[in-house]
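Asks: would you be able to build a 3D model of this:
(2 chains)
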Protein chains: 2
Amino acid sequence: MKFTIKKNIILEALSNAVRAISTKITIPVLNGILFNLTELGLEIQASDSELTIKTTIDNKDIINIEQCGSAVLQSRCLIDIIRKMPNDIINFELTENNNIKIYSQINEYIIECYNILEYPNINLEKSENIIKIKSKLIKEMINQTSYAMSTQEVRPLLTGLNLKINGDILECTGTDSYRLAKKVVKLDEPIYNSINIVIPGKSVNELVNILKEDGDVEINLFKNKVLFIYDNILFQTSLLNGAYPDTSNYIPKDFSYMINLNLKEFYSAIDRASTIMLGKDKNIIKMQIDNKKMTLYGSSSDSKCKEELSIDCNNKEKLEISYSSKYMLDALKVLDSENIILLINGDDKPIIINSVSDDTIIELILPIKTY
Amino acid sequence: MKFTIKKNIILEALSNAVRAISTKITIPVLNGILFNLTELGLEIQASDSELTIKTTIDNKDIINIEQCGSAVLQSRCLIDIIRKMPNDIINFELTENNNIKIYSQINEYIIECYNILEYPNINLEKSENIIKIKSKLIKEMINQTSYAMSTQEVRPLLTGLNLKINGDILECTGTDSYRLAKKVVKLDEPIYNSINIVIPGKSVNELVNILKEDGDVEINLFKNKVLFIYDNILFQTSLLNGAYPDTSNYIPKDFSYMINLNLKEFYSAIDRASTIMLGKDKNIIKMQIDNKKMTLYGSSSDSKCKEELSIDCNNKEKLEISYSSKYMLDALKVLDSENIILLINGDDKPIIINSVSDDTIIELILPIKTY
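Replies: From the prediction side, this is the model:
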């Protein structure tokens, strides 16, 4: 393998592929990045065995292909070395003793490669079951719902994001059982096969990093895995097995309290109140609704605070409800609207958060019972 | 104590004073910030008993002084709360039970204060022995030499910065005994009392953060402490006791190798070579000088590299010398010159680094003997 390539081109491909590498990997060769150079171009692939990312650099974007071949390069300092190379044009050469030589006129770096025979063979073939969705939409869906995924392995399914398509309705849900974020979108065209999959959290977070605003993503569905194709990137992840909880009945239809208030003012008030509270999980906000006035109370062992906001509320009866300030801030962060609506049925019932300007996203937080 | 003040004014004073607070403090009240409001203005003071910083806000910069008084406020979330307050104008009021109330029209924060009787009385009087130096010069001196101070408590004196004035010569030295950085400057006017003090590392680092480019610093000298006065800030630090090593004979007069080379190229080459080396303290660069050519070699267990640079050297005889890449990068970082000069007498002798455009700074690195 011997080729010459522009710095920014190989850097972009590498920085995408390297996202698949995990620090938890126990198979040494999976710390490596597979380079496969053919007359067609350079394939760069990395994997943690659950998530595999492969990018292809077209031969027209390679300055010179002198000799085809393959190698598994160490990922540890590869990107760093390439980024710091003094020239825009960089040479790669696999030497006889399986070292990669990265060089320019004034310097050379020689690094041992992994044994390519140890690299697992990962099938990245396309499916017959393909769905096309706008990249921008997938990004938005993930950005608005993934924060609610669980980080606890107690219920493994909840550490993933649920993606459902039924006809022309696409639904994306994250929940850790204390809160929930759901995005429901109408597709331009209906899909004939209905879908209900759970994508692992790590894969969700990396997918959103790889997608850009423009273009379509081709979703290739299999029984236990899904392959996203975007641009020249193949992004394949295993799925979480099991039946994701049916969250459709979590959100009531009717509410006794409908509170309309300014998003920015509400966020700032809770953010301020959080500063006096120490323990991350004990940031309890007590919220009082009294006609046109909302009052938020926070406290810690040596301090307390009070924040007042003007609101519109359909119910004149006083209400007092408590919740985690962190959960509320997380939910408010993903909304982009001047005003929001809080829907509440009582101090022991979930709080529903709706955006006034965007009805595709709905969020839920369970209250905390205080005595 | 009750007053009203603009957010940015109290924030600036607080962010300066709070630098004195240390996480290692064992006296609880020193986690607090002393507020003292008189008709003249508001004094804000913090201390870790070694370093004390006091700033004064003039009464003309306070919107309303309703009642004078004093309190020791908790520093923990004070700056955060004030920064996040919704309005530019903030009210402070000490309540009867020694709580501070920070409030605007729409919110209030009530936080317990420390017992003011427990706050130590710290003398911040001026000395009769005063020296004036440009703030910009002190900043530059510290920025160019403080990196070389030791972080090891084995030789406590070396954890500080040595400041010497003799006549009109001001000398500032940092060393950890493996490397040294010295700045020597001629003052506009001679000083009649000679000075030789060692300022603790933490104080040095905070002083440079407080000083701006303009104006003069008044240095008030005492036997065991020094008080810097800058603008409306009093910055008083204890000194390290003992005789700082006389470093004047560390730097030879004559050299067998005088190497002139481009600073940026040299820095980049060492920076690249460092990427393949893992252990922070074992980043050894082997440097070969051969007439007009410098070659740098780096290696780790599974990789090696070579960097070549064009140089000007007065000595045609080959030289090979090794050193820590981290130490060399630290030394090069503080220089601002197109070219530098390396002065060397042999592979077991110190490497001297000079800036071509600035003869006030001289740096030294001990070589590492490799076999």
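Asks: pLDDT averaged over stretch A:168-181 - what is it?
Replies: The pLDDT scores in stretch A:168-181 average 96.
Asks: burial measure for the residue nearest to residue A:243 when sequence neighbours are not counted, as a count.
Replies: Distances taken as C-beta to C-beta, 6 or more residues apart in numbering or on different chains place residue A:157 nearest to residue A:243, at 7.9 Å, with adjacent residues excluded. For the C-beta atoms, the positions are set from N, CA and C on the backbone; glycine is no exception. Residues within reach of residue A:157, counting by other C-beta atoms under 10 Å in any protein chain shown, total 16.
Asks: thought residue A:157 was touching residue A:240?
Replies: Yes. Counting by C-beta atoms under 8 Å, residue A:157 touches residue A:240, with 5.4 Å between them.
Asks: coming back round to it: wait, is the residue nearest to residue A:243 part of a helix?
Replies: Yes. Counting by DSSP: H, G, I helix; E, B strand; the rest coil, residue A:157 is located in a helix.
Asks: look up the pLDDT of the residue nearest to residue A:237 when sequence neighbours are not counted for me, please.
Replies: Once flanking residues are discounted, residue A:237 sits nearest to residue A:203: 3.7 Å by C-beta to C-beta, 6+ apart. We have a pLDDT of 97 for residue A:203.
Asks: now do the buried residues in whichever helix or strand residue A:203 is part of.
Replies: Residue A:203 belongs to helix A:201-210 when assigned by DSSP states H and E. Applying a neighbour-count criterion of 16 or more other C-beta atoms under 10 Å in any protein chain shown, the buried positions in helix A:201-210 are A:201-204, A:206-207, A:210.
Asks: name the residues that touch the next helix or strand after it?
Replies: Moving toward the C-terminus from helix A:201-210, the next helix or strand (DSSP H and E) is strand A:216-221. Residues outside strand A:216-221 that contact it (C-beta atoms under 8 Å, 6 or more residues apart in numbering or on different chains): A:126-127, A:129-135, A:138, A:193, A:195, A:197, A:211, A:226-230.
Asks: show me what from chain A comes close to chain B.
Replies: A:74, A:77, A:80-81, A:84-86, A:106-112, A:265, A:268-269, A:271-272, A:275-276, A:302-309 (C-beta under 8 Å from any C-beta of the partner chain).
Asks: and with 7 Å instead?
Replies: A:77, A:80-81, A:84, A:86, A:106-112, A:268-269, A:271-272, A:275-276, A:302-308 (C-beta under 7 Å from any C-beta of the partner chain).
Asks: so how far is residue A:130 from the closest residue to residue A:141 other than its chain neighbours?
Replies: Nearest residue to residue A:141, sequence neighbours excluded (C-beta to C-beta, 6+ apart): residue A:172, at 4.4 Å. In this view, residue A:172 and residue A:130 are 19 Å apart by C-beta to C-beta, to the nearest Å.
Asks: who's more crowded, those two?
Replies: Per other C-beta under 10 Å, whichever of residue A:172 and residue A:130 has more neighbours is residue A:172, with 26 against 13.
Asks: which residues does that one bridge with?
Replies: Beta bridges link residue A:172 to residue A:163, residue A:183, judged by DSSP bridges.
Asks: name the element residue A:109 belongs to?
Replies: strand A:107-112.
Asks: what does stretch A:183-198 rub up against?
Replies: A:129, A:131, A:137, A:141, A:144-145, A:157, A:160-172, A:221, A:226, A:239-240, A:244, A:360-361 (C-beta atoms under 7 Å, 6 or more residues apart in numbering or on different chains).
Asks: so which bits of that stretch are buried?
Replies: Buried, per 16+ other C-beta under 10 Å, within stretch A:183-198: A:183, A:185, A:187, A:191, A:195, A:197-198.
Asks: widest-spaced pair of those residues?
Replies: A:187 and A:198 (19.8 Å; C-beta to C-beta).
Asks: tell me the spacing between residue A:93 and chain B.
Replies: Using C-beta to the nearest C-beta, to the nearest Å, we find residue A:93 at a distance of 14 Å from chain B.
Asks: assumed that residue was part of a helix.
Replies: No. Assigned with three-state DSSP, residue A:93 falls outside any helix and is strand.
Asks: residues contacting it?
Replies: A:2, A:101.
Asks: pull up the gap between it and residue A:87, please.
Replies: For residue A:93 relative to residue A:87 (C-beta to C-beta), the value is 16 Å.
Asks: show me what contacts the residue nearest to the spatial centre of chain A?
Replies: Residue closest to the average C-alpha location in chain A (C-alpha atoms, centre = their mean): residue A:205, at 2.5 Å. Residues counted as contacts of residue A:205 (C-beta under 7 Å, 6+ apart) are residue A:146.
Asks: for chain A, just list every one of the helices.
Replies: With helices called from DSSP state H, chain A shows them at A:7-17, A:78-84, A:135-145, A:201-210, A:263-275, A:325-333.
Asks: any chance of a markdown table for these, columns distance to residue B:48?
Replies: Below are the helices of chain A laid out as a markdown table (distance: least, C-beta to C-beta, whole Å):
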| stretch | distance to residue B:48 |
| --- | --- |
| helix A:7-17 | 43 |
| helix A:78-84 | 38 |
| helix A:135-145 | 43 |
| helix A:201-210 | 41 |
| helix A:263-275 | 23 |
| helix A:325-333 | 32 |
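Asks: of all those, which lies closest to residue B:68?
Replies: Residue B:68 lies closest to helix A:263-275 among those, at 27.8 Å (C-beta to C-beta).
Asks: so what touches stretch A:23-43?
Replies: A:1, A:3, A:14, A:17-18, A:21, A:44-49, A:54, A:56-59, A:62, A:65, A:68-75, A:78, A:114, A:118-119.
Asks: any low-confidence regions in chain A?
Replies: A:279-282, A:371 (pLDDT under 70).
Asks: change it to 80
Replies: A:278-282, A:370-371 (pLDDT under 80).
Asks: on that earlier part again, how about the buried residues of helix A:201-210 in a markdown table, adding distance to residue B:178?
Replies: Output for the buried residues of helix A:201-210, formatted as a markdown table (distance: C-beta to C-beta, whole Å):
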| residue | distance to residue B:178 |
| --- | --- |
| A:201 | 46 |
| A:202 | 43 |
| A:203 | 47 |
| A:204 | 48 |
| A:206 | 43 |
| A:207 | 48 |
| A:210 | 45 |
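Asks: quick check, nearest of these to residue A:356?
Replies: Distances from residue A:356 to those, taken by C-beta to C-beta, are shortest for residue A:204, at 27.2 Å.
Asks: quick revisit: buried ones among the contacts of stretch A:183-198?
Replies: Counted by 16+ other C-beta under 10 Å, those give A:131, A:137, A:141, A:144-145, A:157, A:160-165, A:170-172, A:221, A:226, A:239-240, A:244, A:360-361 as buried.
Asks: pull the contacting residues for the residue nearest to residue A:141.
Replies: A:141, A:145, A:161-163, A:183.
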